[in-house]
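A.B. asks: Any chance you can model this:
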Amino acid sequence: MKTPLRPLAIALLLCAAGASAPARADMTHAGDRCEAAVADTVRRVRGPQAKEVQFIGAKRALSPNGEDEMGVKGEGRYWSSAGGSVPFAYTCAFNAKTGGTSGVMFRETGVVAGKAESTWQPDLTHLSPDACEAATAAALKDKYPRVGRIAFDSDSRQLRPSSNDRTSLEGAGAVERAPGMHSIPFRYRCEFETASGKVVDVQTNERSATN
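C.D. replies: Purely as a prediction, here's the structure:
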């Protein structure tokens, strides 16, 4: 005579069966999740230049990188504010357990308005403009202990390759050196360790206001 399964045993079996199902099901979203991350990366790097990002479904290719990770690569294009479209290729990895993406990179493969774009494209997986701006604000507070308002112009951000496999982020802003004083413009530059995203150097250059 077979012993019937107790309710607790049935619940454990159902939980065990359900635990593996979502991971397999999530793999079906790998392409969409990666393309969403790539689109965000294009907009962060190109800023206002990238008006619209589209992907070519027929060019999407998925390849398993292990039990829980899927590699995704493909092609797309964005429409530039300068006129015309800019084609690009991309790579990305999707993790089914976390639902997150990593290693998001894109490389422009064409030209816009007759001008060639730089072939260098940064890996933004660990780079944070907010970390750079926080470090810049700290540097300005060291220079001006009574500093008032500090404002950053997000549209001025530019990423560039730097020495020793590092990445630099440059931008502009305005600083009130003490409450009640006129704000003056400044330029800033942060240098990141590309692999970790750690800010290793910050420079600021303030210009006196002109009458």
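
A.B. asks: how does this protein divide up, domain by domain?
C.D. replies: 24-116, 129-206 (automatic domain parsing).

A.B. asks: pLDDT weak spots in this structure?
C.D. replies: 1-26, 81-83, 110-124, 208-211 (pLDDT under 70).

A.B. asks: Do a quick rundown of the helices in it.
C.D. replies: 7-26, 30-46, 129-143 (DSSP state H).

A.B. asks: before we move on, back to that, could you dump the domains of the chain to a markdown table with mean neighbour count?
C.D. replies: Quick note: C-beta positions are derived from backbone N, CA and C, even for glycine. Shown next, in a markdown table, are the domains of the chain (neighbours: other Cβ atoms under 10 Å):
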| stretch | mean neighbour count |
| --- | --- |
| domain 24-116 | 16 |
| domain 129-206 | 15 |
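
A.B. asks: correct me, but Glu206 touches Pro185?
C.D. replies: Yes: checked against Cβ atoms under 8 Å, the pair Glu206 and Pro185 is within contact range at 7.5 Å.

A.B. asks: How about Ala89: which residues does it bridge to?
C.D. replies: With DSSP bridges applied, Ala89 shows beta-bridge pairing to Glu75, Arg107.

A.B. asks: I misspoke; the intended subject was Gly173.
C.D. replies: Beta-bridge partners for Gly173, by DSSP bridges, are Phe152, Phe186.

A.B. asks: now do Gln203
C.D. replies: Bridge pairing for Gln203 - DSSP bridges - gives Arg189.

A.B. asks: What distance do you get for it to Leu159?
C.D. replies: According to Cβ to Cβ, to the nearest Å, Gln203 stands 16 Å off from Leu159.

A.B. asks: With Glu52 instead?
C.D. replies: Glu52 is 21 Å from Leu159, by Cβ to Cβ.

A.B. asks: Tell me what Gln158 is bridged to.
C.D. replies: Beta-bridge partners of Gln158, as defined by DSSP bridges: Glu170.

A.B. asks: Verify the contact between it and Thr167 for me.
C.D. replies: No: taking contacts as Cβ under 8 Å, Gln158 lies outside contact range of Thr167: 11.0 Å.

A.B. asks: anything in contact with each of the two?
C.D. replies: Common contacts of Gln158 and Thr167 (Cβ atoms under 8 Å, 6 or more residues apart in numbering): none found.

A.B. asks: OK, contacts around the closest residue to Cys190 other than its chain neighbours?
C.D. replies: Distances taken as Cβ to Cβ, 6 or more residues apart in numbering place Cys132 nearest to Cys190, at 3.7 Å, with adjacent residues excluded. Contact analysis of Cys132 by Cβ under 8 Å, 6+ apart lists 169, 171, 188, 190, 192, 199, 202.

A.B. asks: Just put those residues in JSON lines and tack on distance to Gly74.
C.D. replies: Formatted as JSON lines, the contacts of Cys132 follow (distance: Cβ to Cβ, whole Å):
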{"residue": "Leu169", "distance to Gly74": "27"}
{"residue": "Gly171", "distance to Gly74": "31"}
{"residue": "Tyr188", "distance to Gly74": "35"}
{"residue": "Cys190", "distance to Gly74": "31"}
{"residue": "Phe192", "distance to Gly74": "27"}
{"residue": "Val199", "distance to Gly74": "32"}
{"residue": "Val202", "distance to Gly74": "36"}
